[in-house]
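1. using only what follows, build the 3D model:
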Amino acid sequence: MSPEWLKDTVFYEIYPQSFQDSNGDGVGDLPGIIRRLDYICGLGCNALWINPCFDSPFKDAGYDVRDYKKVAPRYGTNEDLCRLFAEAHRRGVRVLLDLVPGHTSDQHPWFKASARAEENEYSGRYIWTGSAFESIEGKPYISGMTDRDGAYMLNFFASQPSLNYGWLRRDKPWMSAPDSPEALATREGMKDVMRFWLDLGCDGFRVDMADYLVKNDDESRSATSAVWRDVREMLDREYPEAALVSEWSAPRLAINRAGFHMDFYLDHWHNGYNTLLRDYETEGGDHSYFRKDGGGDIRRFLRDYLPKYLETRDRGYISMITCNHDTPRPARTLSPDELKLAYAFLLTMPGVPFLYYGDEIGMRYLDVPTKEGGYQRTGSRTPMQWDAGKNMGFSEAAEEQLYLPYDHSPDAPCVAEQEADPSSLLSVTKSLTALRRRYEDLQADAEFAVIRAEADPPFVYRRGTDHGAPVLCGAGGRRGCFPLKKTPGSDKLRV
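-> This is a model prediction of the structure:
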């Protein structure tokens, strides 16, 4: 079972570098997030996901962790994070941290110890071949950079050595089994990290690259799933209210097999989610469903989504996103009116939705140089636009000191302007989150049924059951999302 609090939750994802700078150094920080908690509550979000805030050399924006138990000084201190937990909880807001279990920075003490020539307790914490001249076939690796006679495997960038959870299929003597002492030590080390933050007030974790722990795993990720089931057993026993959401985008595996409470429905080329907002990477133009002139077909979404939903609805939640730190912002191609309709859909569907900071005002995807390993993702990581003041309210630093440039367009959206406009995207987003949290029939586990799904709009679906106030929603064309009530003494529905 999933924690009960997830049922009416709307998450807000914060990229901490870019949300609010409190000390004038040009980089967002934890005190800045605390300062904006009332805004987040007013938006209608009652949970946060904070991208990695741990100590790091920031070669991959914090996804290269140097110390899992220490807040990066650019963001503040461990005490600041504990204060954020306390202030959020005082407002009824939960906080998830970003857990990176598959790799660390090459500056992490575990890796430095593992790279020593002499054997020690961390020698098996990472994946090493038996010789500096022995490669890892089909996998990225580095050799000749350490005193240890071996090549070490990478998970992603060159600065991210892969932690050792074992290999399911093994044909080399240096390949550990998933139940080997060294692989189990890695697993226990990660559980220790989780306990550390849960004991301090964290409410759970978003798990980075959750499907890529055990190497040479089978197609169903059976060995990696076994690792996460073991973690889930620990949470159920020791922290039953803690929640896990996976970066996997395969809910039948992540939820049913691995035991995650939620799995992200990510923007993968031509999956159902991609056809809704970002179907512009194909020949013949943009056919995104929520683009008014795109000619999109909702059935493309349903063919992918419905089987996943039906197979997982009693076990966990599929989490739809407006965007995330790896994905082009939806305002890259959609107008404010198109975004209103898209958000009406995302915030009335089953599962637990995630709103990316700035999407509620339609922040744009910017063409900016890469920063900290962002590359094409950097354009979705720019500073939050609060008002028309200096640096749009993000920071009092000199503009050249900012972590990334903000949108200098004369019509750049900002919170202050949209809060004064009842028809703005921000105001509509607030009304949608309020609607979702008010009606149980719009929340995570309420029933979902398709009423009309044809090549032409509208797409019409029903949330809820006869025991409550049914909700009928339409998307596409000029249709919006409407709560419907029964006429007294009648079975008919009325707006």
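2. mind checking pLDDT for Gly489?
-> We have a pLDDT of 39 for Gly489.
3. neighbours of the closest residue to Gly259 other than its chain neighbours, how many?
-> Counting by CB to CB, 6 or more residues apart in numbering, Arg232 is the residue found nearest to Gly259 once chain neighbours are left out, at 3.7 Å. No exception for glycine: its C-beta is placed from N, CA and C like everyone else's. As a burial measure, Arg232 scores 16 neighbours (other CB atoms under 10 Å).
4. give me the pLDDT value at Arg232.
-> On the pLDDT scale, Arg232 gets 98.
5. just Lys485 next, same as before
-> Predicted confidence (pLDDT) for Lys485: 38.
6. sorry, back to before: dump the residue contacts of the residue nearest to Gly259.
-> 244, 258-260 (CB atoms under 8 Å, 6 or more residues apart in numbering).
7. most neighbours out of the residues you listed, which is it?
-> Phe260 (31 neighbours).
8. and the residue nearest to Gly259, that one's in a helix?
-> Yes - counting by DSSP: H, G, I helix; E, B strand; the rest coil, Arg232 is located in a helix.
9. all strands for the stretch 101-250 of the chain, in order.
-> 141-142, 152-153, 204-207, 243-246 (DSSP state E, counting those that start in this stretch).
10. about what we covered before: ok, the residue nearest to Gly259 to Gly166 distance?
-> Taking CB to CB, to the nearest Å as the measure, Arg232 falls 18 Å from Gly166.
11. can you put the strands of the stretch 101-250 of the chain in a markdown table and add distance to Gln401 and mean pLDDT?
-> Listed next are these as a markdown table, based on distance: least, CB to CB, whole Å; pLDDT from 0 to 100:
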| stretch | distance to Gln401 | mean pLDDT |
| --- | --- | --- |
| strand 141-142 | 34 | 98 |
| strand 152-153 | 36 | 98 |
| strand 204-207 | 29 | 98 |
| strand 243-246 | 34 | 98 |
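12. with distance to Ile318 added, can I get those strands in CSV?
-> Formatted as CSV, the strands of the stretch 101-250 of the chain follow (distance: least, CB to CB, whole Å):
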stretch, distance to Ile318
strand 141-142, 35
strand 152-153, 31
strand 204-207, 15
strand 243-246, 10
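13. now do stretch 125-144: distance from first to last residue.
-> 19 Å (CA to CA, to the nearest Å).
14. neighbouring contacts of that stretch?
-> 110-111, 113-114, 148-154, 158, 161-164, 172-174, 182, 185-186, 189, 215.
15. what is the neighbour count of the closest residue to Pro413 other than its chain neighbours?
-> Closest residue to Pro413 apart from its sequence neighbours, by CB to CB, 6+ apart: Ile361 at 4.3 Å. Counted with other CB under 10 Å, residues neighbouring Ile361 total 24.
16. quick one: residues contacting Ile361.
-> 385, 413-415, 418, 424-426.
17. how close does it sit to Leu346?
-> 16 Å.
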